[in-house]
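A.B. asks: Quick one, what's the 3D model for this:
(chains A and B)
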Number of protein chains: 2
Amino acid sequence: MANDKKMVEQITSMDEDFAKWYTDICKKAELIDYTSVKGCMVIRPYGYAIWELIQKNLDTRFKETGHENVYMPMFIPESLLNKEKEHVEGFAPEVAWVTHGGSEPLTERICVRPTSETLFCEHYANVVKSYRDLPKLYNQWCSVVRWEKTTRPFLRSREFLWQEGHTIHATADEAKEETIRMLNCYADFHEQDLAIPVIKGRKTESDKFAGAEATYAIEALMHDGKALQAGTSHYFGDGFAKAFDIKYTDKENKLVHPFQTSWGVTTRMIGGLIMTHGDNNGLVLPPAVAPIQVVIIPVQQQKEGVLDAAYALRDRLKGQFRVKVDDSDNSPGWKFSEYEMKGVPLRIEIGPRDIADNKCVTVQRHNREKNFDSLENIEQVVADRLEEVRQGMYEKALANRTARTYACTSIDEIKDALANNGEGFVKAMWCGEEACEDQVKDATGVASRCIPFEQEQLSDRCVCCGKPAKHMVYWAIAY
Amino acid sequence: MANDKKMVEQITSMDEDFAKWYTDICKKAELIDYTSVKGCMVIRPYGYAIWELIQKNLDTRFKETGHENVYMPMFIPESLLNKEKEHVEGFAPEVAWVTHGGSEPLTERICVRPTSETLFCEHYANVVKSYRDLPKLYNQWCSVVRWEKTTRPFLRSREFLWQEGHTIHATADEAKEETIRMLNCYADFHEQDLAIPVIKGRKTESDKFAGAEATYAIEALMHDGKALQAGTSHYFGDGFAKAFDIKYTDKENKLVHPFQTSWGVTTRMIGGLIMTHGDNNGLVLPPAVAPIQVVIIPVQQQKEGVLDAAYALRDRLKGQFRVKVDDSDNSPGWKFSEYEMKGVPLRIEIGPRDIADNKCVTVQRHNREKNFDSLENIEQVVADRLEEVRQGMYEKALANRTARTYACTSIDEIKDALANNGEGFVKAMWCGEEACEDQVKDATGVASRCIPFEQEQLSDRCVCCGKPAKHMVYWAIAY
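C.D. replies: Numbers count the residues shown, from 1 in each chain, chains lettered A, B, ... in the order given. I've put the predicted structure just below:
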């Protein structure tokens, strides 16, 4: 296994330098390449294949709940962006401005969309006239641009890929239901398919989306104890409808404003996968989004019958799984570490002795557990092993989160917990005042992440000011 | 059928004003909406569903031939765009320039990609080092921007959706093969799935892609006799590789330049579908890309058993086809014209008498042919009817092209043919000189579309100068 060690040495240890470990994986697992466009990246075939699987899974979920895809322009004229006051204040400082078409200056500058509420609103004002036109449940897959100062692959880049759902409803209740439905959709996708446990909750006032009445989020804890906001869902009330003059005739023949939502997840989820599941051997992918779910490595492949057995095994599995045989002339050891780096959830080794015994060796990526499995019923065995991987990955991530979640009732307890146990989620009571929110952050470094739906009564006092507490809040240092 | 007439009156007749008929269909079939972003459009759910079906079909074809998807930045720094001389000259006049990020001016302006050769080349220079790294067969689905002066939905817009394949090969022969393979892929997709007959050929020198050694195209003839370039495939030789310093070590351990291709099709194909197949009742969609392939219209739906029979029929068909029951309280006549406008290939009417007879009425959209079909084996009947539609649509389009293709041996013959028979394809011999190409256009209005692979010897003299002819060329007025 000399080659194996060599591969492993190529990436920085996560305990030594987590940030460098992260970018090493992005590069060595061939997820991305840098470009001469500052803050933008190439998503390479292996990285993009993960995104395609994420897209396909979510798109199916969206369509099953009645959503339709559309495509809006990538540009927003400045005057359109300016229509909703809070919205423009939130986004204008970080948009890219187009000022020239060819050699001609534009009469009005246009920005590259940082998000598309304004465009959807303009369209809804055109097409929503009667209660019969409602609801409209639209989604868009596209890229957006936010001119960030510091960038990191997947986590924060000037351009990123995402989906943005934009819906419009006759009543506030319907819109609120939609907001929560889609938050639950994201949570379910993360927990079931990405094997990432998440906290569902509401953002505090200071952390709301620009123009929203309420912002909900799912928050995940990364291996290093930092939090990642993994998806958001916003309830807009009728604020945008008023700003964009969207009105419809209701059943009583009155002209009224409808209610709106928006919700999105991004390529940032790939960063979340890396930092939740990855280890010092590279990426670890959950089966649902692994471009290769099973890699078959022939052992002593020059011996008669070995490659044929590997191909026969592949042919048995390929209808059900994304499976690959690596029959290249690299050594088995090289191949083992290559597919560990790529995070392939299940490796099957098959050599002359295995073939004689009608067996193979299966190795699970996330815990390196090795089993001698019969080839008799290998389709079912592989399905079972992959399900074990999915569950095992989820439990491992949950164990990390549990070990790194600290219930605290004073600022000093927060400081101690972080100092003694490392970064993580802090659960603490809060009075609801922004001043206390700021003070907790200044004193301890952790910021409010969300007011979780699952509330606990840790005490009846705000962790900061000692006045009566309104909510339990999750706090953390976030990506 | 009073309602039917009313719907039909809503669109301009194609014989009266083809351009207005076209935009009427775009709007009334709910394919697009206009926006305040000049030259950009909203692709509405029905239009986008067509695009998704096109994407899925082509993406499967690309992957079956070994291509992988990637994502490149949407921005190109000016210095990168400038690296290949012909390429920048071709595109710089029509790019959108970003000059500011937030409130800060950029140190170097960047353009929104009009096409991504430069970005792919930069990436290939990073990752192609050895003959073992070749070929790379990459594709990207994205939107691009070209700052056009005059725009029309789908046909010419400032932003459009497309795929751009970019491949890099060890040898010129391999790259040339790839260029033709993908042209054939486009042609097959158009003829088999879009039911649009196409001419495959090479562009003349004056009409090549900026930076290409050779450009190939498929050309289709629209209902009005104008040509539409429906897809292009370019062979670059090693020109880009030299400009971007892409080198690899070959098997003899020499450092050499690789060879490249690119190829693309766009949302323009939706414009091609409208103008090839559409009629005065609206859109006509081929089954392969119809979001609804079969619409079931209950007749006398208030009578007992009618809606149940319609739902039962839907349930029998839905595993195999994209099928919808319209059980709204609109009249059958209104529904007939609604789904004719939307171009649904097959309508099934089912009423009390049909149910009693274990029959239904099927109506094919493209020729309005009506059949009384048994419900006994309706799954197979629907499959057969849809195949008839596909073939019928292709033959109808081919008949239009044949009737509007004129073989001419003199400028006067071209003028006469166009004057007497209307716009169409002109086949005429050409000496290969750009001067003659220009002169034909000036004298007759038709421009060279391509030098078709299937050559005919109409005469041995150039239609313009009378000198020895090198090629037969297709000429037309193009969109």
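
A.B. asks: going forward, measure contacts between C-alpha atoms and count neighbours the same way
C.D. replies: OK.

A.B. asks: C-terminal to the helix ranked longest in chain A, what's the next element?
C.D. replies: Longest helix in chain A, counting residues (DSSP state H): helix A:378-403. Heading C-terminal from helix A:378-403, the first helix or strand you meet, by DSSP states H and E, is strand A:405-407.

A.B. asks: Same question for that following strand: list its buried residues.
C.D. replies: A:T405, A:Y406, A:A407 (16 or more other C-alpha atoms under 10 Å in any protein chain shown).

A.B. asks: Enumerate every residue touching the closest residue to chain B within the stretch 151-300 of chain A.
C.D. replies: Across the stretch 151-300 of chain A, the shortest distance to chain B (C-alpha to the nearest C-alpha) belongs to A:E159, at 7.2 Å. A:E159 makes contact with A:G39, A:C40, A:S143, A:V144, A:V145, A:R146, B:P73, B:M74 under the criterion C-alpha atoms under 8 Å, 6 or more residues apart in numbering or on different chains.

A.B. asks: now A:I274
C.D. replies: Here A:I274 is in contact with A:Y22, A:I25, A:L283, A:V284, A:L285 (criterion: C-alpha under 8 Å, 6+ apart).

A.B. asks: From those residues, pick out the ones that also neighbour chain B.
C.D. replies: The subset of these within reach of chain B, by C-alpha under 8 Å from any C-alpha of the partner chain, is empty.

A.B. asks: among these, which are in helices?
C.D. replies: Filtering the contacts of A:I274 for helices - DSSP H - leaves A:Y22, A:I25.

A.B. asks: Tell me who's in contact with A:T151.
C.D. replies: With C-alpha under 8 Å, 6+ apart, A:T151 has these contacts: A:G39, A:S157, A:R158.

A.B. asks: you'd agree the last one is up against A:W147?
C.D. replies: To tie it back to what came earlier, the one meant is A:R158. Yes. Under the criterion of C-alpha atoms under 8 Å, A:R158 makes contact with A:W147 at 5.2 Å.

A.B. asks: Let me know the pLDDT of A:H87.
C.D. replies: Per-residue confidence at A:H87 stands at 87 (pLDDT).

A.B. asks: what's the helix or strand for it?
C.D. replies: helix A:85-91.

A.B. asks: Same question for that helix: list its buried residues.
C.D. replies: Neighbour count says helix A:85-91 has A:H87, A:V88, A:F91 buried, by 16+ other C-alpha under 10 Å.

A.B. asks: for stretch A:120-135, same thing?
C.D. replies: Applying 16+ other C-alpha under 10 Å to stretch A:120-135 flags A:F120, A:C121, A:E122, A:H123, A:Y124, A:A125, A:V128, A:K129, A:S130, A:Y131, A:L134, A:P135 as buried.

A.B. asks: And stretch A:435-443, by the same measure?
C.D. replies: Those would be A:C436, A:E437, A:D438, A:Q439, A:V440, A:K441, for stretch A:435-443 by 16+ other C-alpha under 10 Å.

A.B. asks: Remind me which helix or strand the first one belongs to.
C.D. replies: To tie it back to what came earlier, the one meant is A:C436. Short version, using DSSP H and E: A:C436 is in helix A:434-444.

A.B. asks: Restricting to C-alpha, output that helix in PDB.
C.D. replies: Taking C-alpha atoms only, helix A:434-444 is exported to PDB below (Å, rounded to 0.1, in the frame of the first residue of the first chain):
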ATOM      1  CA  GLU A 434     -30.600  43.000  19.000                       C
ATOM      2  CA  ALA A 435     -28.200  44.600  21.500                       C
ATOM      3  CA  CYS A 436     -27.800  41.300  23.400                       C
ATOM      4  CA  GLU A 437     -27.400  39.400  20.100                       C
ATOM      5  CA  ASP A 438     -24.500  41.800  19.300                       C
ATOM      6  CA  GLN A 439     -23.000  41.600  22.700                       C
ATOM      7  CA  VAL A 440     -22.900  37.800  22.700                       C
ATOM      8  CA  LYS A 441     -21.100  37.900  19.500                       C
ATOM      9  CA  ASP A 442     -18.600  40.500  20.700                       C
ATOM     10  CA  ALA A 443     -17.900  38.700  23.900                       C
ATOM     11  CA  THR A 444     -17.700  35.100  22.600                       C
END
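
A.B. asks: Secondary structure class of the most centrally placed residue in chain A, three-state.
C.D. replies: By C-alpha atoms, centre = their mean, the mean C-alpha position of chain A lies nearest to A:M269, the distance being 2.2 Å. Look at A:M269: counting by DSSP: H, G, I helix; E, B strand; the rest coil, its state is helix.

A.B. asks: Can you tell me which residues in the stretch 51-200 of chain A are near chain B?
C.D. replies: Counting by C-alpha under 8 Å from any C-alpha, the stretch 51-200 of chain A sits next to chain B at A:68-77, A:92-103, A:119, A:122-123, A:138, A:142, A:147, A:159.

A.B. asks: 6 Å instead?
C.D. replies: Residues of the stretch 51-200 of chain A lying close to chain B by C-alpha under 6 Å from any C-alpha of the partner chain are A:68-73, A:93-98, A:100-102, A:147.

A.B. asks: mind listing which of those are in strands?
C.D. replies: A:E68, A:N69, A:A96, A:W97, A:V98, A:H100, A:G101 (DSSP state E).

A.B. asks: Could you report the neighbour count for the third one?
C.D. replies: When you say that, I think you mean A:A96. 27 (other C-alpha atoms under 10 Å in any protein chain shown).

A.B. asks: How about the first one?
C.D. replies: Residues lying near A:E68 (other C-alpha under 10 Å) number 20.

A.B. asks: Thank you, goodbye.
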